[in-house]
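**Q** below: sequence and its predicted model.
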Amino acid sequence: MTQSSSASLLKKLVGQTAIYGLSSIIGRLLNYLLVPLYTRYFLPAEYGVVTELYGYVGFLMVIFTYGMETAFFRYVKDAKEPANVYSTAIWSLFSSSALLVGLFLLFSPFIADTIQYSEHIEYVIWFALVLGFDAMAAIPFANLRYEERPVRFALVKFANIGINIGLNLFFIVLCPQIVDNVPLINNIYDPSVGVGYIFISNLVASAVTLLLLLPELRSIRWSFDVDLWKKMMRYALPLVVVGFAGTINEMLDRVLLKYLLPYDLEGNLAQVGIYGACYKLSILMTLFTQAFRYAAEPFFFSQSKQENAANTYAMVMKYFVLVGGFIFLGVTIFLDVFKYFIGERYHEGLVVVPILLMANLFLGIYYNLSIWYKLTNNTLIGAFMALAGATITIVLNILLIPVIGYIGSAWATLICYITMVGLSYLLSKRYYPIPYDLHLIARYLLLAVLLFLIDNQLIGRLLDDSLVLGYLGKIVLIIVYIVALVYQERKNGLLKR
């Protein structure tokens with residue numbers, strides 16, 4: 001592959017990542033900007049409720065969508081009639097979502113009692129509807145990505161975000177201030193609902209989003225290809241295991257903390273809230289990884305039949321690590337600034353932020369690596385890798401939480417993702433060899449970690465004596481990272497002088 005063609009492909013991926021990121025990164029960033037609101041208006045124990053319940057949502061969304069989105073990408077790229085794949089996937093998710101929502105509504109009292117929210121059955125009902133609406137919107141959004149219509153994709157996503165943020169501000173900030181002077185507000189606002197308004201805002205936003213996708217739904221055929229559906233399900237079901245195990249790695253700690261910490265229920269929820277708030281400080285890495293994943297999956301599939309596709313995947317991995325290392329370094333070095341993103345009552349958990357940032361970077365590396373089992377239809381192997389990671393997560397959380405609390409959860413997450421990266425790389429060498437430049441990738445990662453340690457052990461202490469010298473030292477470290485990378489890439493001939 002020539003340098004010009006490599007650059008062209010990279011520009012295409014960067015362009016798609018940027019546009020999808022406009023909705024994913026900026027959209028989620030706007031949602032994340034609600035965290036300062038929540039951590040200042042709600043106590044840690046109250047925010048712990050939010051953190052825990054959204055942890056359950058992560059698991060349930062895997063069940064509601066059962067890998068159909070990835071199966072859609074897999075089969076639509078070779079289909080003679082893409083509309084047939086689209087309609088089959090849509091009808092599958094619509095039917096299953098209706099069934100699952102019905103079951104949740106029927107058993108809502110039992111579910112609420114099981115998770116210790118007996119007095120808030122409405123939480124179960126609201127989230128069941130949110131999950132149903134979001135699952136039904138998954139394939140229309142996937143089709144917009146397949147058709148490379150990122151602007152339409154972004155507009156609908158922004159509408160969702162805008163409604164959610166607007167309602168949060170209305171219920172949490174505005175209503176308490178005007179309820180005594182505007183009697184009509186009493187008809188729609190009840191202070192006792194508290195954090196429930198976060199869930200109500202989400203529900204309304206999800207419902208409106210599905211309505212906005214009606215133009216995409218009008219093209220659905222009134223037919224269902226059973227044979228195609230069976231093929232898609234055989235491909236997708238192992239991905240349910242992958243997704244479920246992945247969610248264990250991402251979300252289970254926030255659920256287990258409530259049950260494994262040695263305090264009373266309120267104290268445990270407060271710790272969950274602190275951990276959840278500090279987890280949000282890995283926002284930039286999470287958003288970068290999410291935006292990359294949105295663009296990379298269809299991009300990787302589209303490149304699979306191109307000559308030297310493996311070289312393209314290797315190049316993408318290198319630049320992903322390069323940017324991810326910069327984000328890790330930037331956030332950790334300036335954590336004394338980023339910490340004001342959350343309320344002061346939550347600052348005791350800042351120690352976990354560097355660990356979680358690196359964990360999310362390794363998760364992004366795993367997303368890069370995972371293309372081999374998707375392209376070779378070895379999703380079952382992907383499921384076993386995910387199960388291995390989930391086992392590590394469960395065991396380490398059970399062992400570490402009672403001893404070191406949420407710090408143990410952070411380390412469990414990092415160890416899990418490092419292990420999964422190692423397993424995926426070793427298996428990819430057998431099934432779909434990709435010439436990753438491991439030495440260069442390792443140097444980029446080690447450089448970022450080394451500069452972080454220099455800041456943590458040396459530069460950070462200068463802040464106690466001189467604010468100017470301290471921040472000057474931090475800026476120098478960032479410059480060192482950038483200069484080192486530019487020098488290396490020029491040496492490799494991929495950056496023009």
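**A** Alright, I've got the coordinates.
**Q** can you classify residue 117 by secondary structure?
**A** With DSSP: H, G, I helix; E, B strand; the rest coil as the basis, residue 117 sits in coil.
**Q** phi, psi for it please.
**A** In terms of degrees, to the nearest 10, the main-chain angles of residue 117 are phi -130, psi 50.
**Q** equivalent analysis for residue 376, please.
**A** Phi and psi for residue 376, reported as degrees, to the nearest 10, are phi -100, psi 10.
**Q** could you measure from it over to residue 79?
**A** Going from residue 376 to residue 79 by CB to CB, to the nearest Å gives 19 Å. Just so you know, the C-beta spots here come from the backbone N, C-alpha and C atoms, and that holds for glycine as well.
**Q** cool, and residue 337?
**A** Relative to residue 79, residue 337 is positioned 49 Å away (CB to CB).
**Q** same check, this time on residue 481
**A** Using CB to CB, we find residue 481 at a distance of 45 Å from residue 79.
**Q** neighbour count: those two, which is higher?
**A** More crowded of residue 481 and residue 79, by other CB atoms under 10 Å: residue 481, with 23 against 13.
**Q** and residue 209, what helix or strand is that in?
**A** Element membership of residue 209, judged by DSSP states H and E, is helix 196-212.
**Q** got the contact list for that helix?
**A** Helix 196-212 is contacted from outside by 34, 38, 50, 53, 120, 122-123, 126-127, 129-130, 133-134, 136-137, 156, 159-161, 163-164, 167-168, 171-172, 193, using CB atoms under 8 Å, 6 or more residues apart in numbering.
**Q** chain center to that helix: distance?
**A** Between the mean C-alpha location of helix 196-212 and the chain-wide mean there is a distance of 19 Å, by CA atoms, centre = their mean, to the nearest Å.
**Q** helices and strands of the chain: which one bottoms out on pLDDT?
**A** helix 3-32 (a mean of 59; mean pLDDT, DSSP states H and E).
**Q** now the element after that one, going C-ward?
**A** Defined by DSSP H and E, the subsequent element after helix 3-32 is helix 34-41.
**Q** now that following helix against helix 196-212, angle please.
**A** Interaxial angle, helix 34-41 versus helix 196-212 (axes from the mean of the first three to the mean of the last three CA atoms, to 10 degrees): 160 degrees.
**Q** so where do the strands sit in the stretch 351-497 of the chain?
**A** Counting by DSSP state E, counting those that start in this stretch, the stretch 351-497 of the chain has no strands to list.
**Q** please enumerate the helices of the stretch 251-400 of the chain.
**A** 265-279, 283-303, 309-333, 335-338, 353-369, 371-375, 379-404 (DSSP state H, counting those that start in this stretch).
**Q** wait, which of the ones you listed is closest to residue 415?
**A** Proximity of the helices of the stretch 251-400 of the chain to residue 415 was assessed by CB to CB; the nearest stretch is helix 379-404, lying at 6.3 Å.
**Q** elements contacting that closest one?
**A** In this structure, helix 379-404 packs against helix 226-260, helix 371-375, helix 406-431, with contacts taken as 3 or more CB pairs under 8 Å, 6 or more residues apart in numbering; DSSP states H and E.
**Q** tell me the contacts of the closest residue to residue 66 other than its chain neighbours?
**A** Closest residue to residue 66 apart from its sequence neighbours, by CB to CB, 6 or more residues apart in numbering: residue 240 at 4.8 Å. The neighbours of residue 240, taking CB under 8 Å, 6+ apart as the test, are 62, 63, 66, 67.
**Q** which of the residues you listed are buried?
**A** Buried subset of these (neighbour count, 16 or more other CB atoms under 10 Å): 62, 66, 67.
**Q** got phi/psi on the second one?
**A** With angles defined as degrees, to the nearest 10, residue 66 sits at phi 40, psi 50.
**Q** which stretches of the protein have low pLDDT?
**A** 1-28, 30-31, 294-295, 297-298, 302, 304, 460-466, 493-497 (pLDDT under 70).
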